[in-house]
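Trainee: this is a predicted model, with the sequence first.
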Amino acid sequence: MTLVKTKIGRRAFIRNTGLASGGLVIGFSWLASCKMTPEQVNSLPDEWFELNGFLKVGDNGMVTIMSPNPEIGQNVKTSMPMIVAEELDVAWKDVLVEQAPLNTDIFTRQLAGGSQSIRQGWESLRMAGATARHMLKEAAAQAWGVSADEITTKDGVLTHEASGNSAGYGEMASAATSIEVPEEVQLKDNGSFSIIGTDKKNVDGKKIVTGKPLFGLDVYKEGMLTAMIVHPPAFGMKFKSMDTESVKSMPGIKDVFHFEAYPEDVEKQWSDGGSIPEMVAIVGNSTWECMQAKKALNVEWEEVSKLESTSYHDKALASLLEKAQDEPARKDGDVDAAFKKAAKIVESTYSAPYLAHNTMEPMNFFAHVTPEKAELLGPIQTPEFLEQTLVSRLGMPAEKIDVMMTRMGGGFGRRLYGTFAVEAAAISQKMNAPIKLVYSREDDMTQGTYRPSYKVKYKAGLDENGNLIAWHVRGAGTNDDLIFENRFPAGAVDNYLAEKHSLETNVTTGAWRAPRSNFIAGAEQAFMDEVAEAAGKDPLEFRLELFDRAINNPVGDPEKNDYDPERYAGVLKLVKEKSNWGSETAKARGVAAYYCHNSYVAQVLELEDGGDMPRVDNIICAVDCGIVINPLAAKNQIEGGIIDGIGHSTFSALTFEDGKPEQSNFDTYRLMRHSEAPKNIEVHFVDNGIDPTGLGEPSLPPAIAALSNALYKAKGRRFYKQPFINDKPPLVG
Amino acid sequence: MATFTLNINGTKQEVDVDPSTPVLWVLRDHLNLVGTKYGCGIAQCGACTIHLDGTATRACMLTVSSVGNSEIKTIEGLSEEGDHPVQKAWLEVDVPQCGYCQAGQIMTASALLEKNPNPTDEEIEMAMNGNICRCGTYTRIKKAVKLAANS
């Protein structure tokens, strides 16, 4: 057992936090909206006792665990409560899960992003369970007149062996509420878990497959109006004027008005990236009526800054690749001197377009703002930041603003930027009515916080023995400088130079699943294959050689290197073993490894024969994310990340003409479909007992490189330009 | 506005809406059946898939005036308790990530299996190609369809 101080989120352990009755909790609990079986009805307790802000124990031993973080499909609504249940020592079948509302008094970091929910929640979730278990044990000890140290717990039962006393948690729950919150609690040893590390199905699974209301778009409330927006058609334009008269009289339309979502004096948070200062709102009785009015409305826009096209972005990024960075991001040794004496030099440039997030559920939010209070309900990855912006936008203290989260129909970073919720609040305030703002797919795709467009140029030098002696990377992105200068192969090459540039543009960009890594991994690991080939070495062994160097004799300060070369090499060795790498195979294969979001992933990808763009037959994937909470769901994340990486790098692009996105729906924006998906994905986890790290993002980046390396084997040419489907060989002759 | 009597999940329902209104919005905005999802509005993503006389149909481009006496089945009508073989298979395989597209996927899969109880991998893919899953649960969906076919 590990003894730890209950210092994390002490406020969470102060009782009577207002959550006891579930007063703030919206009616989305599993039992609340599914028809209950007789067993379930009978299993509900008469009374709940809240032991801390994370959990309450019923008088019959049922336990309700609050899932603090937003659920975007990464399955934290199941895995976070699993961690609490583990330390509480309750049987999983006796656990009910509820989505917590935003409550900064109780929870820390209620945010879905950076694959950090489990990693950063790990300690407080364990503490919540362990603290409650301690209090239940103390209550039993007092009741039985024995020492709490002699009481054991298992599956929600307290036992004192010597006296023969035994009781369920429900029997001690009431008494436990008057036990003092301990200063220190004992946590289980990693490795002695009974819930963590076992397959648990999605707690919302049944509601999902039966079509129950779960998502923001499913919110319908008494007296609620529907609102839609009309935003500028191009980046670089703003509202000028409109004629609303004919539209206002259309059936079901309540109002049409120009409004400032973000007046100049609003104090913005980083989550307001992509905010559009002013736009038009259409408010009506139903979605279809609003859509008709939207089509009929004529708005005049005016140009306020350059209307950029993809050709401009491409040219400007390419010119940045010709420019040295004044102060390089990182410089070890002297690359120029090394290139002069190199026996071989390899040079390549890689590029990728803008991408839209395209969550299947378009942006939306419910808002009901009155002079007294504001109620916000919907899909948001950053509820706390949203609340802070609303304090400024609505001129209302945080105490009067309730932000509640629904399950989200996808996030991928898009819902980090809750500008749509601020727009909803502004519209509700103006209408003095409850409204649900709904973006059409076209609104969603053409008013984005896109994945930036990127270009990167690599140059590597090899000596006569095929040793890597110099590595130069220079990258550029739109509103993003792309390069992680301290990531591999920094630290493994004597002469290393990393340079980066950002091209300022008015096309709004932001985090898109595995930011930067979602491009740079594909480029770096594809280039690594080119260099290995020039060195005459096996690509996997070539990487392992470099990790040996970083382990045994790192270049520069090893603390500066943003990776652990042993864990990095570990996933490569595991994937080598599981794929029988090096053995004869008729299939075109590629390998890649990458580290991001604190986790390590290596993949071997095999293609089917034939076709312009051969289909992925199989992927063998090795993952080191420390302790795996829920293997069933963890594999789902890995599979999804791989498909996401392969799908987007093969098919997807968002392009611009005069500031206007040229794709606005799925007829022109291509996403991977069933018949194009990998046929099989095999996932292996490294079992090392290390505290858990990120899982939602790390499998995506290396998949792109594993694909591009396999494509080279299949087609005999390198793929440098995403989407690969458009990267055709030049015509010869 | 006009009055339409629709046969939905075995029950007659009356709605007073503009004749151009797609069935998707009739279900969601007027009948409180929100399992059928809005994804694209142009029949490209499959999130709004329903059964129209047993055939998988995109509700977002099906106008209410064109339905007539045809039988509409939505995800809510697929089974009373979520125990249709396809729903059970989805739970068994633990398919969903975000879950938003899954009702549409299930409706397409169940229509396929009604007509072709033992589809090949290729037949499954062809039938399901109109349904996008942005989270990338494609391999699990195929596994679940096969499991349902075998049960």
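Mentor: That came through, no problem. These numbers come from a predicted model, not from an experiment.

Trainee: where along the stretch 251-400 of chain A do the helices fall?
Mentor: Applying DSSP state H, counting those that start in this stretch to the stretch 251-400 of chain A gives helices spanning A:287-296, A:310-320, A:335-341, A:383-394.

Trainee: for the shortest one, which positions count as buried?
Mentor: Of all the residues in helix A:335-341, those buried under the rule 16 or more other Cβ atoms under 10 Å in any protein chain shown are A:335, A:338-339. All C-beta spots, glycine's among them, are computed from the backbone N, C-alpha and C.

Trainee: what is the burial count for residue A:240?
Mentor: Counted by other Cβ atoms under 10 Å in any protein chain shown, the residues lying close to residue A:240 total 13.

Trainee: also residue A:180?
Mentor: The local packing of residue A:180 (other Cβ under 10 Å) involves 7 other residues.

Trainee: just to revisit the earlier point, relative to chain B, which of the helices of the stretch 251-400 of chain A is closest?
Mentor: helix A:287-296 (4.3 Å; Cβ to the nearest Cβ).

Trainee: which other residues reach the closest one?
Mentor: Applying Cβ atoms under 8 Å, 6 or more residues apart in numbering or on different chains, the contact partners of helix A:287-296 are A:226-228, A:230, A:246-247, A:250-253, A:256, A:282-284, A:438, A:440, B:17-18, B:20-22, B:25, B:28-29, B:38, B:41.

Trainee: mind checking which of the residues you listed are in helices?
Mentor: Among the contacts of helix A:287-296, DSSP state H puts A:246-247, B:25 in helices.

Trainee: report the closest residue of the stretch 301-450 of chain A relative to chain B.
Mentor: Relative to chain B, the nearest point of the stretch 301-450 of chain A is residue A:409 (3.0 Å; Cβ to the nearest Cβ).

Trainee: cool, and chain A?
Mentor: Relative to chain B, the nearest point of chain A is residue A:211 (1.9 Å; Cβ to the nearest Cβ).

Trainee: didn't that residue look like it was pressed against residue B:36?
Mentor: Yes - using Cβ atoms under 8 Å, residue A:211 makes contact with residue B:36 at a distance of 7.1 Å.

Trainee: which neighbours do the two share?
Mentor: Jointly contacting residue A:211 and residue B:36 under the rule Cβ under 8 Å, 6+ apart are B:74-75, B:103.

Trainee: chain A: which of these is nearest?
Mentor: Set against chain A, the nearest of the shared contacts of residue A:211 and residue B:36 by Cβ to the nearest Cβ is residue B:75 (3.4 Å).

Trainee: what number of residues lie near the closest one?
Mentor: Neighbour tally, residue B:75, other Cβ under 10 Å: 30.

Trainee: distance of it relative to residue B:35?
Mentor: 4 Å (Cβ to Cβ, to the nearest Å).

Trainee: again, but for residue A:372
Mentor: Here residue A:372 is placed at a distance of 35 Å from residue B:35 (Cβ to Cβ).

Trainee: so between those two, which is more surrounded?
Mentor: Taking neighbours as other Cβ under 10 Å, residue A:372 and residue B:35 compare with residue B:35 leading, 26 against 7.

Trainee: identify the residue spatially nearest to the more buried one, adjacent ones excluded.
Mentor: residue A:211 (1.9 Å; Cβ to Cβ, 6 or more residues apart in numbering or on different chains).

Trainee: pull out the buried residues from stretch A:525-545.
Mentor: Neighbour-count burial for stretch A:525-545 [16+ other Cβ under 10 Å]: A:525-535, A:537-540, A:542-545.

Trainee: those residues in strands, which ones?
Mentor: If you go by DSSP state E, the buried residues of stretch A:525-545 have nothing in strands.

Trainee: residue A:461: what secondary structure?
Mentor: Taking DSSP: H, G, I helix; E, B strand; the rest coil as the rule, one finds residue A:461 in the strand state.

Trainee: burial of the nearest residue to residue A:416 once chain neighbours are set aside, as a residue count?
Mentor: Distances taken as Cβ to Cβ, 6+ apart put residue A:381 closest to residue A:416, at 4.7 Å, once the chain neighbours are dropped. Per other Cβ under 10 Å, the neighbour tally for residue A:381 reads 26.

Trainee: please apply the same query to the one 3 residues further on.
Mentor: Residue A:384 sits with 19 neighbouring residues when counted by other Cβ under 10 Å.

Trainee: where's residue A:729, which helix or strand?
Mentor: Using DSSP states H and E, no element contains residue A:729; it sits outside every helix and strand.

Trainee: quick check: it touching residue A:717?
Mentor: Yes - shown here, residue A:729 and residue A:717 form a contact pair, counting by Cβ under 8 Å, at 5.9 Å.

Trainee: of these two, who's got more company?
Mentor: It is residue A:717, of residue A:729 and residue A:717, that has more neighbours when counted by other Cβ under 10 Å, with 12 against 9.

Trainee: which residues does the more buried one contact?
Mentor: Residue A:717 neighbours (Cβ under 8 Å, 6+ apart): residue A:729.

Trainee: which residues of chain B fall in strands?
Mentor: Per DSSP E, chain B carries strands over the ranges B:2-8, B:11-17, B:49-52, B:55-58, B:71-73.

Trainee: how about these in a markdown table, adding distance to residue A:159?
Mentor: Supplementary listing: the strands of chain B in a markdown table, determined by distance: least, Cβ to Cβ, whole Å:
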| stretch | distance to residue A:159 |
| --- | --- |
| strand B:2-8 | 54 |
| strand B:11-17 | 53 |
| strand B:49-52 | 52 |
| strand B:55-58 | 55 |
| strand B:71-73 | 52 |
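
Trainee: ranking these by burial, who's on top?
Mentor: strand B:49-52 (a mean of 26; mean count of other Cβ atoms under 10 Å in any protein chain shown).

Trainee: that one pairs with which strands, parallel or anti?
Mentor: Note on strand B:49-52: by DSSP bridges, its sheet partners are strand B:55-58 (antiparallel), strand B:71-73 (antiparallel).

Trainee: nearest to residue B:6 among those would be which one?
Mentor: Closest approach to residue B:6 among the strands paired with strand B:49-52 is made by strand B:71-73 (6.2 Å; Cβ to Cβ).

Trainee: about what we covered before: could I get the helices of the stretch 251-400 of chain A as TSV with distance to residue A:70 and mean pLDDT?
Mentor: Below are those laid out as TSV (distance: least, Cβ to Cβ, whole Å; pLDDT from 0 to 100):
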stretch	distance to residue A:70	mean pLDDT
helix A:287-296	24	98
helix A:310-320	32	98
helix A:335-341	44	98
helix A:383-394	7	97
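
Trainee: any idea which residue of chain B lies closest to chain A?
Mentor: residue B:35 (1.9 Å).

Trainee: got the contact list for that residue?
Mentor: Neighbours of residue B:35 in contact, by Cβ under 8 Å, 6+ apart: A:210-212, B:74-76, B:103.

Trainee: likewise for residue A:667?
Mentor: B:42, B:44.

Trainee: how about low-confidence regions in chain B?
Mentor: Along chain B, segments meeting pLDDT under 70 are nowhere present.

Trainee: going along the chain, name the helices of it.
Mentor: B:23-25, B:75-78, B:85-93, B:102-115, B:121-128, B:138-150.

Trainee: return the most buried member of the ones you listed.
Mentor: Highest mean neighbour count of the helices of chain B: helix B:23-25, a mean of 26 (counted as mean count of other Cβ under 10 Å).

Trainee: quick one: that one near chain A?
Mentor: Yes - remark: helix B:23-25 sits within contact range of chain A at residue B:25, by Cβ under 8 Å from any Cβ of the partner chain.

Trainee: chain center to that helix: distance?
Mentor: Counting by Cα atoms, centre = their mean, to the nearest Å, helix B:23-25 is centred 12 Å from the centre of its parent chain.

Trainee: contact residues of the stretch 401-550 of chain A facing chain B?
Mentor: Within the stretch 401-550 of chain A, the positions adjacent to chain B are A:407-412, A:438, A:440-441 by Cβ under 8 Å from any Cβ.

Trainee: any idea of the mean pLDDT in the top strand by length along chain A?
Mentor: Assignment by DSSP E gives strand A:468-478 as the longest strand of chain A. Per-region confidence: strand A:468-478 scores 98 on mean pLDDT.
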